[in-house]
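What would the 3D arrangement of this be:
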Amino acid sequence: MRYVFLILLSVNLYSQNDNALKFSLKDKNLQSPLNKKEKEYKIKPVRMVILGTAGAGVFTAMHIYYSNTWWKDQRKYFKFAEDGYYARNMDKASHIYTANFFTEASAVAYEWAGMHPKTALIWGAVTSMAYETYIEVNDGFAPNWGVDWLDMGANIFGALYPFMQRGFEPLQNVNFKWSFKPDWLKKKSSGGDDLLDDYTNMTFWLSVNPEIILPRSVTKGKFYPNFLSLALGMSVKNSSHKSGSTKAYTEWFLSLDWDIRKLPGKSDFMKKLKKILNFYHFPAPAVRISPSGIWYGLYF
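Prediction:
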């Protein structure tokens, strides 16, 4: 029930903020694109077919991959189980990030196919939650997994976070990101943990642009690089669902981060491209703050 409430609240905030903005602009007779004739959106059948075909292909490929890794030797009964301990709950950050990314990326794809941005975002969230729920249901039949309600909550939060960002503007300066070390690909080719579950070579980040707290006179000034953010990162060591995780421990990092959306490029294509690229934490100076201090000139 609480997840249903979260869904309704997020969509309501998104709708109210959009309507309030339009009402304010109308009252003040401000010169804004909202006062001009609104761009017409119409579904483009050919693009929709291309999008549907590509989506079906990706879904099929991922299903085959999961069937040969996580879902081998399926059981005949369905179960619930908390499965985050082996990764010290870093998988929860993964669920938030993945659902968040799927919502935004799907929305961009739907816009490309001709949908209105608001409609595209709603369908992006639906697509994200449907796919993540499909994963959880199959986990429920897997021998080493089960449906984890915390995973479900993380999925829903991540999928709806774009609505929260649009409903409460300061949240646009708080973003989830992901990065990986080169060993992530090397271990896969050498027969290590499966590619999508190798948390030891991944880091998930909470990136905060100082614009959320600094005065506009500072952040818009010519001496402040408004693309520069700070990020808190989480990674894990000695964790594996294959070999065990009795010695696993969590690492925490502080790092500079790049808000790609603030870089030059104002065309619609560039804005969408920068939005997607901003989900990745590009290498930057960092310091590990726990369990001990280590400085990195560039941390991947």
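
Do me a favour and get the backbone dihedrals for the residue nearest to residue 50 when sequence neighbours are not counted.
In space, and not counting its chain neighbours, residue 50 is closest to residue 113: 8.0 Å by CB to CB, 6 or more residues apart in numbering. Backbone N, C-alpha and C define where each C-beta goes, glycine included. The phi and psi values for residue 113, taken as degrees, to the nearest 10, are phi -80, psi 0.

pretty sure residue 113 is touching residue 44, no?
Yes - the pair residue 113 and residue 44 passes the contact test of CB atoms under 8 Å, sitting 5.8 Å apart.

Contacts only, for the residue nearest to residue 50.
Residue 113 sits next to 43-44, 47-48, 50-51 when contact means CB atoms under 8 Å, 6 or more residues apart in numbering.

lowest-pLDDT helix or strand in this structure?
In the chain, no helix or strand scores lower on mean pLDDT, DSSP states H and E than helix 2-28, which sits at a mean of 47.

Determine the number of other residues adjacent to residue 49.
Per other CB atoms under 10 Å, the neighbour tally for residue 49 reads 11.

And it, which helix or strand is it part of?
Assigned by DSSP states H and E, residue 49 belongs to helix 45-67.

still on that earlier bit, only the buried subset of the contacts of residue 113, as a ChimeraX command please.
The command below creates a ChimeraX selection of those among the contacts of residue 113 that count as buried (16 or more other CB atoms under 10 Å):
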select :48,51
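
Can you tell me which of the contacts of residue 113 is nearest residue 260?
residue 51 (24.0 Å; CB to CB).

Relative to residue 107, how far out is the closest one?
Separation of residue 51 from residue 107 (CB to CB, to the nearest Å): 12 Å.

what's the answer for residue 256, then?
In terms of CB to CB, residue 256 sits 28 Å off from residue 107.

wait, what's in contact with the residue nearest to residue 271 when sequence neighbours are not counted?
Closest residue in space to residue 271, ignoring its immediate chain neighbours: residue 265 at 7.1 Å, by CB to CB, 6+ apart. Residue 265 is in contact with 271, 273-274, counting by CB under 8 Å, 6+ apart.

Residue 265 belongs to a helix?
No - secondary structure of residue 265 (DSSP: H, G, I helix; E, B strand; the rest coil): coil, not part of a helix.

Which pLDDT value goes with it?
pLDDT, residue 265: 94.

Could you tell me the phi and psi values at it?
The phi and psi values for residue 265, taken as degrees, to the nearest 10, are phi 130, psi 100.

Give me the more crowded residue out of residue 256 and residue 107.
The residue with more neighbours, out of residue 256 and residue 107, is residue 107; 25 against 16, by other CB under 10 Å.

Which strands or helices does the helix or strand harbouring that one pack on?
For residue 107, the element it lies in under DSSP H and E is helix 90-112. Under the contact criterion of 3 or more CB pairs under 8 Å, 6 or more residues apart in numbering; DSSP states H and E, helix 90-112 touches helix 45-67, helix 117-139, helix 149-167, strand 174-180, strand 202-208, strand 228-237, helix 268-277.

So what touches stretch 40-60?
So stretch 40-60 is contacted by 109-110, 112-117, 119, 131 (CB under 8 Å, 6+ apart).

Of those residues - the most surrounded one?
Result: residue 110 is most packed of those (other CB under 10 Å), 23 neighbours.

doesn't residue 124 make contact with that one?
Yes - counting by CB under 8 Å, residue 110 does reach residue 124; the two are 6.2 Å apart.

what's the distance between the residue nearest to residue 50 and residue 277?
Remark: distance between residue 113 and residue 277 (CB to CB) = 21 Å.
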